[in-house]
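Engineer: Pasting the sequence and the predicted coordinates here, then a few questions.
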Amino acid sequence: MPDSVTAFAPLATERFLLRPLRAEDAAELHRLVNDWEVAKTLARVPFPYPRDLADEWIGSTAERVAAGEAYHLAIARREDDVLVGCVGLTLDVAARSAELGYWVGRRHWGQGIAPEAAGRLSRWALANLNIDRLTASALTDNARSAAVLTRIGFRETGAGAQDFLSRGGAMPVRLFEAGRADFAPPPAAPAAAPEAAADSKPILLVAAVGLIDADNRVLLARRPEGKPLAGLWEFPGGKVHPGETPERALIRELKEELGIDVTEACLAPFAFASHGYEAFHLLMPLYLCRRWQGQVTAMEGQTLAWVRPMRLADYAMPPADRPLVALLRDFL
Ligand SMILES: Nc1nc2c([nH]c(=O)n2[C@@H]2O[C@H](COP(=O)(O)OP(=O)(O)OP(=O)(O)O)[C@@H](O)[C@H]2O)c(=O)[nH]1
């Protein structure tokens, strides 16, 4: 699975680039973090902070990004590449989670930098890494950091204690967590049909297809950042527009999303999902298709994976798809 990003492409926010740290950043990083007001809020930073630790740390971040273990990035101003702080994630692969951390140099405080950077990295992580959850903590006496976390979508889940190098021992912390639902934009729901009862959910008709290649592998596409359920894998397809049949909708979607031509005769009805999401009830016929014209291409930059039936369960999919995956695995 494409879990690691070896050459990390910088993430842009409105004012900053979150980019890999470089050896040239060491002097400025040291100047900003070797400040008691910053260091005292960070668990893994000693104070005073030795200058050569900055070089060592920067070297280790590149290795850990390449290994897909951790993403510790510079927050650099877009206009002049000046380093203003760092934001990072450390993965716990077995738990399918990652821990978020960040700091901003004191001279750059008061500009909303931490929420802008931490929010962007969090949304990217849930959409691109094989995780379902982000965790974070803030010292009980650091209300500013707790406010950053809640502002970007984290929920407070409890309290604990954590060793702080800068403080020389364990300190009380507030614990926070966030999942996909905390970051997702509100799900797009169709307008309720006029005859629907006031308390019932509108029904959303979505057509989807299991494309199967000559090796009997199934194509999954990853929902991109910014969409509801970002980061989950799904069957290609999309909403059926008014006046369209599910087959016509699929033919259109497959052309738009994958650049392939499919005929109605090659779409074999297979099963359907009927699932209640919070804002709508999804009704999704799933077709199977083994023949198409053209080369499967990620037309919208989405990540694609050809998956063997026995490996389908390794890919986190929306809840509506789970029964379909079991049926498909048995069928193929
Ligand atoms: N294509 C597809 N959609 C699925 C699957 N499972 C599932 O729950 N869905 C849901 O069905 C809806 C599909 O809508 P869509 O892809 O056309 O639209 P979208 O929400 O991505 O936004 P869009 O209208 O901007 O394209 C989404 O709410 C999506 O979460 C699946 O396997 N394939």
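Structural biologist: Perfect, I can see it now.

Engineer: count of residues packed around the residue in the stretch 1-150 of the chain that the ligand sits nearest to?
Structural biologist: Nearest to the ligand, among the residues of the stretch 1-150 of the chain, is A127, at 12.3 Å (C-beta to the nearest ligand atom). Where you see a C-beta, it was placed from the backbone N, CA and C, and this is true even at glycine. Residues near A127, counting by other C-beta atoms under 10 Å, number 21.

Engineer: interface residues of the stretch 151-300 of the chain facing the ligand?
Structural biologist: Within the stretch 151-300 of the chain, the residues that sit near the ligand (C-beta under 6 Å from any ligand atom) are 187-188, 206, 208, 227-229, 234-235, 237-239, 282.

Engineer: Select the helix or strand of the protein having the lowest average pLDDT value.
Structural biologist: helix 180-183 (a mean of 88; mean pLDDT, DSSP states H and E).

Engineer: What is that helix packed up against?
Structural biologist: Applying 3 or more C-beta pairs under 8 Å, 6 or more residues apart in numbering; DSSP states H and E, one finds that helix 180-183 contacts helix 113-128.

Engineer: which residues touch the nearest residue to E300 once chain neighbours are set aside?
Structural biologist: Take E300 and drop its neighbours on the chain: the residue closest to it by C-beta to C-beta, 6 or more residues apart in numbering is E257, 5.9 Å away. Contact partners of E257, counting by C-beta atoms under 8 Å, 6 or more residues apart in numbering, are 221, 236, 238, 299-300, 302.

Engineer: Reformat the residues of the stretch 151-300 of the chain next to the ligand as a markdown table; add neighbour count, distance to A67 and pLDDT.
Structural biologist: Formatted as a markdown table, these follow (neighbours: other C-beta atoms under 10 Å; distance: C-beta to C-beta, whole Å; pLDDT from 0 to 100):
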| residue | neighbour count | distance to A67 | pLDDT |
| --- | --- | --- | --- |
| P187 | 15 | 35 | 52 |
| A188 | 11 | 37 | 54 |
| V206 | 22 | 37 | 98 |
| A208 | 23 | 35 | 98 |
| K227 | 15 | 28 | 88 |
| P228 | 19 | 31 | 87 |
| L229 | 20 | 27 | 89 |
| E234 | 20 | 28 | 97 |
| F235 | 25 | 31 | 98 |
| G237 | 22 | 35 | 97 |
| G238 | 16 | 36 | 96 |
| K239 | 15 | 39 | 97 |
| L282 | 20 | 37 | 97 |
